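Novice: could you look at this predicted model? Sequence included:
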There are 2 protein chains.
Amino acid sequence: MTCLLMRAAERAQLALMLEVCAYPKPGNVDRCHDYPDTRLEHFLASTLFARPALEEAETGTGRIGEIIRHAVRDTNCHNGGNTHFGAFILLIPLVYGGDIPGAIRAIEKTDVSDAVAFYKAFALTSVKMNVTDELDVHDPHTLTMIRDRDMTLLDVMQHSAANDMVAREWVTGFPLTRRGADLLKQFGPGRQAIVNTFLTLLASEPDTFIIKKHGTAVAQETVLVAREVLDGKRSLEDFDADCIERDINPGSTADIIIASIFIALGEGWQWDF
Amino acid sequence: MTCLLMRAAERAQLALMLEVCAYPKPGNVDRCHDYPDTRLEHFLASTLFARPALEEAETGTGRIGEIIRHAVRDTNCHNGGNTHFGAFILLIPLVYGGDIPGAIRAIEKTDVSDAVAFYKAFALTSVKMNVTDELDVHDPHTLTMIRDRDMTLLDVMQHSAANDMVAREWVTGFPLTRRGADLLKQFGPGRQAIVNTFLTLLASEPDTFIIKKHGTAVAQETVLVAREVLDGKRSLEDFDADCIERDINPGSTADIIIASIFIALGEGWQWDF
């Protein structure tokens, strides 16, 4: 039994749910591991509460920046801190456009109103995003500057792309999302494919969330350890325990995996076997 | 941060999600335990796919039997077998009516069309429900008989009440749902209250799902062991392992807990602390 007629909004929710349940994922909240303040239930509640914004995106009308703001607003009503901000930045254009080419077209149409709405969403979160200093979300002059320069949301992402792999997906046409979807299909159906895809992406791209929190050296080290796990030189459980102990969580890779699951599900990848 | 303006449909989904995540729950699928064919992800997918039917119930219009049929139809598109049939029988009237008195009023208005729709939903599942033999869901004459006798859905539940604690909730005004909600509020906020409520109900009422599968003696034994756990004479983990080994899963108690969480959330119980 499959769900061939699944709506895009449901497919996005399924992707959010499947990602957080997959285990073991080094350092992140998963079925077997909570952080003291952010638990499995927070991610799943955020998945449920995202439905109206995802349905809004599904219509393919309205403005992307505003829909991202709605997703953040509606999913912020728990005590678990930021759960899915990065995932929404990827999922909303993908749901809006239906696939990667559609998302790219939607992104190209963003304007200054999207940039302003996005900054308002951003201000609702506690997320750091390494935009250049002049686009600091905590500086009240930022919105004025965005308006004065007539920056689109794509321009804002361009500013962040060097330091943020989620923003980079917008600017470069979702290459990691695409690669993750291809990997999922390659690894075959079910939960284990998510873990394998996670490890494979982690072994090839330094996670920018780790860079922001711990610096480049730690992120590079994580890449190497992920590769050791893939090569069978170290156990995944050991890697996971080490990440948890050092508070290293590859959150941006998780965001991209969610987008990859969304795309792969749309291309027939089976989560359920 | 709380979600005071949460819609009834979202509150029902939250109840479904929180119940299955709570652990350890003796014998049932939970965060730490899957059955080979029914996994955490199946329950969570069913939770996501139930949204349209729960929203239909939220409008407080339409027919209860038909809405239950929609919930079963929409959540059946996975390979995990029955996940939430009993939960929907309780949740749909509660969401429809807004609370227990509202659900009782809605139930009293069911007619033969609800009974027919319910039987069609039933036929989509692999669930056994000990109605009297003359109401066997697998007998094609059953629908004819329901129509000939002009039975309401409440009449059908009356037939099942002796052997099915979910049907009994319909007939007796949701006393266990009410008790579970009171227990949750008494145990305080968060995940542990769900586990404690589960154990307390299990220690007072033989689970009819266990009776159908293993007979009355095993169900009575489960009541006694749950009491031993509450009295500190046996560990919950040991009880859980024993249930899993013997394939004893108190599924009807889980259905009632879901309804209790829905009611408790509406009365201010905090899942998130």
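Specialist: Sure, I can see it.

Novice: pLDDT at residue A:4, what is it?
Specialist: With respect to pLDDT, residue A:4 scores 54.

Novice: same check, this time on residue A:82
Specialist: 84.

Novice: now it: which helix or strand?
Specialist: Using DSSP states H and E, residue A:82 maps to neither a helix nor a strand.

Novice: how many neighbours does the residue of the stretch 51-200 of chain A found nearest chain B have?
Specialist: Proximity of the stretch 51-200 of chain A to chain B (Cβ to the nearest Cβ) peaks at residue A:77, 3.9 Å away. For glycine as for every other residue, the C-beta is placed from the backbone atoms N, C-alpha and C. Applying other Cβ atoms under 10 Å in any protein chain shown, we find 16 residues neighbouring residue A:77.

Novice: from residue B:239, how far out is it?
Specialist: As judged by Cβ to Cβ, to the nearest Å, residue A:77 and residue B:239 stand 35 Å apart.

Novice: check residue A:17 too.
Specialist: Taking Cβ to Cβ, one finds residue A:17 at 29 Å from residue B:239.

Novice: again with residue A:112
Specialist: From residue A:112 to residue B:239 the distance is 60 Å (Cβ to Cβ).

Novice: between the two, which one's more packed in?
Specialist: The neighbour comparison of residue A:112 against residue B:239 (other Cβ under 10 Å) goes to residue B:239, with 22 against 18.

Novice: does that one sit in a helix or strand, and which one?
Specialist: Going by DSSP H and E, residue B:239 is part of helix B:236-245.

Novice: which SSE is immediately downstream of that helix?
Specialist: helix B:251-266.

Novice: just confirm yes or no for that next one near chain A.
Specialist: No: on the criterion Cβ under 8 Å from any Cβ of the partner chain, helix B:251-266 is out of touch with chain A, staying 11.3 Å away.

Novice: residues touching residue A:170, list them.
Specialist: If a contact means Cβ atoms under 8 Å, 6 or more residues apart in numbering or on different chains, then residue A:170 has A:89, A:93, A:107, A:154, A:157, A:161 as its contacts.

Novice: what about the fifth one, helix or strand, and which?
Specialist: Translated: residue A:157. Residue A:157 belongs to helix A:153-160, assigned by DSSP H and E.

Novice: show me what contacts residue A:199?
Specialist: By Cβ under 8 Å, 6+ apart, the neighbours of residue A:199 are A:26, A:226, A:229-230, A:236.

Novice: I'd like the mean pLDDT over whichever strand or helix holds it, please.
Specialist: Using DSSP H and E, residue A:199 sits in helix A:191-202. Across helix A:191-202, pLDDT averages out at 97.

Novice: list the buried residues of that helix.
Specialist: A:191, A:193-202 (16 or more other Cβ atoms under 10 Å in any protein chain shown).

Novice: just these now: which is nearest residue B:265?
Specialist: residue A:191 (29.3 Å; Cβ to Cβ).

Novice: burial count for the residue of the stretch 151-273 of chain A at minimum distance from chain B?
Specialist: Residue nearest to chain B within the stretch 151-273 of chain A: residue A:272 (5.1 Å; Cβ to the nearest Cβ). Residues near residue A:272, counting by other Cβ under 10 Å, number 19.

Novice: what of residue A:12?
Specialist: Counted by other Cβ under 10 Å, the residues lying close to residue A:12 total 33.

Novice: surely it touches residue A:95?
Specialist: Yes: with contact defined as Cβ atoms under 8 Å, residue A:12 counts as touching residue A:95 (5.2 Å).

Novice: overlap in contacts of those two?
Specialist: Here residue A:12 and residue A:95 have A:54, A:57, A:262 as joint contacts, going by Cβ under 8 Å, 6+ apart.

Novice: where does pLDDT dip in chain A?
Specialist: Counting by pLDDT under 70, the ranges of chain A that qualify are A:1-5, A:127-138.

Novice: show me which residues of it sit near chain B.
Specialist: Contact residues, chain A versus chain B (Cβ under 8 Å from any Cβ): A:1-3, A:6, A:10, A:13-14, A:17-18, A:21, A:31-32, A:40-42, A:44-45, A:47-49, A:51, A:76-80, A:191, A:271-273.

Novice: most neighbours among the shared contacts of residue A:12 and residue A:95, which one is it?
Specialist: The residue in those with the most neighbours, by other Cβ under 10 Å, is residue A:57 (29 neighbours).

Novice: C-alpha coordinates for stretch A:67-85, PDB please?
Specialist: Output in PDB follows, covering the C-alpha atoms of stretch A:67-85 (Å, rounded to 0.1, in the frame of the first residue of the first chain):
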ATOM      1  CA  ILE A  67       5.100  31.900   3.800                       C
ATOM      2  CA  ILE A  68       8.500  31.200   5.500                       C
ATOM      3  CA  ARG A  69       7.500  33.800   8.100                       C
ATOM      4  CA  HIS A  70       4.200  32.000   8.700                       C
ATOM      5  CA  ALA A  71       5.900  28.600   9.100                       C
ATOM      6  CA  VAL A  72       8.300  30.000  11.700                       C
ATOM      7  CA  ARG A  73       5.500  31.900  13.500                       C
ATOM      8  CA  ASP A  74       3.200  28.800  13.600                       C
ATOM      9  CA  THR A  75       5.900  26.400  14.800                       C
ATOM     10  CA  ASN A  76       7.500  28.600  17.400                       C
ATOM     11  CA  CYS A  77       4.800  27.900  20.000                       C
ATOM     12  CA  HIS A  78       6.900  25.300  22.000                       C
ATOM     13  CA  ASN A  79       9.800  25.500  24.400                       C
ATOM     14  CA  GLY A  80      12.200  23.600  22.200                       C
ATOM     15  CA  GLY A  81      13.900  26.500  20.600                       C
ATOM     16  CA  ASN A  82      14.600  26.600  16.900                       C
ATOM     17  CA  THR A  83      13.600  23.200  15.300                       C
ATOM     18  CA  HIS A  84      13.100  23.700  11.500                       C
ATOM     19  CA  PHE A  85      14.100  27.200  10.400                       C
END
